[in-house]
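**Student:** Turn this into a model:
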Amino acid sequence: MQPIISIKNLSYTYDTTSNTLRDVSFDISPGSYVAIAGPNGAGKTTLVKVLLGLTAPYTGNISLFDTPLESFSAWEKIGYLPQHTNHIHPLFPATVFEIVRSGLIAGKSFPKHYTKEDDKKTLDALARVHMKKHAHISIHALSGGQKQRVLLARAIVARPKLLILDEPSTALDPETRSHIFSFLKEEHERGITILMITHDTAHIGQYADTLLFLDQTVVFFGAFDTCCKDTVLRNYFGGANASEHLFNHPHTH
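**Tutor:** Below you'll find the predicted structure:
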């Protein structure tokens with residue numbers, strides 16, 4: 001099966017004095033649910049931005065859907081939820097409906113006009129995150145958790161095959177956090193490949209099947225049920241038992 005993401009020997013630096021990413025290599029198969037974990041400054045968000053073509057230049061090779069990143073144009077196949085909701089300018093006069101519908105632009109050819117089918121997809125996406133009743137109010141009238149749900153609807157409105165999320169549960173109340181993780185579980189069960197940055201290593205193994213532990217380079221990449229037995233990861237945390245309970249996952253016997 002062809003990987004949905006393939007990264008070989010990726011390195012990236014902000015400047016000539018530091019390595020943000022160093023010799024990163026891994027493949028992600030269709031249908032995977034991958035959690036990206038690691039300490040602050042490990043390059044997790046940078047990895048996602050490089051992967052999405054949001055920052056350059058880099059060295060190495062990246063392919064999305066068997067297409068080199070430099071040639072990739074089918075961005076409608078990828079949904080992206082950024083880390084913060086405050087990137088929406090406070091003076092930008094957009095409704096919830098308009099924000100979500102804008103997630104359909106990438107899949108349109110010129111001239112880019114919205115259709116009635118687009119409106120239906122937008123309302124369906126809002127309904128799936130329980131925000132349909134807020135469709136025609138200003139995005140700025142919402143709470144942080146509500147904005148996160150709206151941006152999640154925007155990420156899935158084009159029905160992508162790959163969903164990339166950067167800390168989707170940060171600063172959310174328990175109810176909203178629970179809703180988002182339940183929603184992502186449903187998306188994964190529908191066949192969507194998920195790549196998610198998280199600090200919640202104690203619980204993410206209940207949902208994700210694969211762990212990518214990053215600290216500028218790949219410390220561990222593999223199934224969650226093998227990570228606590230990995231020698232390299234154990235040594236990284238300082239000993240044979242140090243990582244045993246840092247990652248919650250279903251153990252195999």
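**Student:** drop to CA atoms for contacts and neighbour counts, all remaining ones
**Tutor:** OK.
**Student:** which residues in this protein form helices?
**Tutor:** Using DSSP state H, the helices of the chain run over residues 44-51, 96-101, 116-128, 144-156, 174-189, 224-227, 231-236.
**Student:** do you know which of those lies nearest Ile36?
**Tutor:** Smallest distance to Ile36 across the helices of the chain (Cα to Cα): 6.9 Å, for helix 44-51.
**Student:** what pLDDT, on average, does that closest one get?
**Tutor:** Averaging pLDDT along helix 44-51 gives 93.
**Student:** Next, the buried residues of it.
**Tutor:** Going by neighbour count (16 or more other Cα atoms under 10 Å), the buried part of helix 44-51 is 44-48, 50-51.
**Student:** For the chain, give me the ranges with low pLDDT.
**Tutor:** Along the chain, the parts satisfying pLDDT under 70 run over 16-19, 84-92, 111, 171, 239-253.
**Student:** repeat that with 50
**Tutor:** Along the chain, segments meeting pLDDT under 50 span 251-253.
**Student:** What ranges does it have for its strands?
**Tutor:** With strands called from DSSP state E, the chain shows them at 5-12, 21-28, 33-37, 59-64, 67-68, 78-81, 162-166, 193-197, 210-215, 217-223.
**Student:** So in that sheet, which strands flank the third one, and in what orientation?
**Tutor:** Going back to what we said before, that points to strand 33-37. strand 193-197 (parallel), strand 210-215 (parallel) (DSSP bridges).
**Student:** The longest one vs strand 21-28, what angle?
**Tutor:** Relative orientation of strand 210-215 with respect to strand 21-28: 180 degrees, computed using axes from the mean of the first three to the mean of the last three Cα atoms, to 10 degrees.
**Student:** what does strand 210-215 contact?
**Tutor:** 32-39, 41-44, 218-224, 227 (Cα atoms under 8 Å, 6 or more residues apart in numbering).
**Student:** List only those of the residues you listed flagged as buried.
**Tutor:** 32-38, 42-44, 218, 220-221, 224, 227.
**Student:** which two in these are spaced the farthest apart?
**Tutor:** The widest separation within the buried ones among the contacts of strand 210-215 (Cα to Cα) is 22.2 Å, between Ser32 and Ala42.
**Student:** count of neighbours near Lys112?
**Tutor:** Neighbour count for Lys112, taken as other Cα atoms under 10 Å: 11.
**Student:** swap that for Asn40, please
**Tutor:** When neighbours are counted by other Cα under 10 Å, Asn40 registers 10.
**Student:** what's the answer for Asp15, then?
**Tutor:** Asp15 has 8 nearby residues by other Cα under 10 Å.
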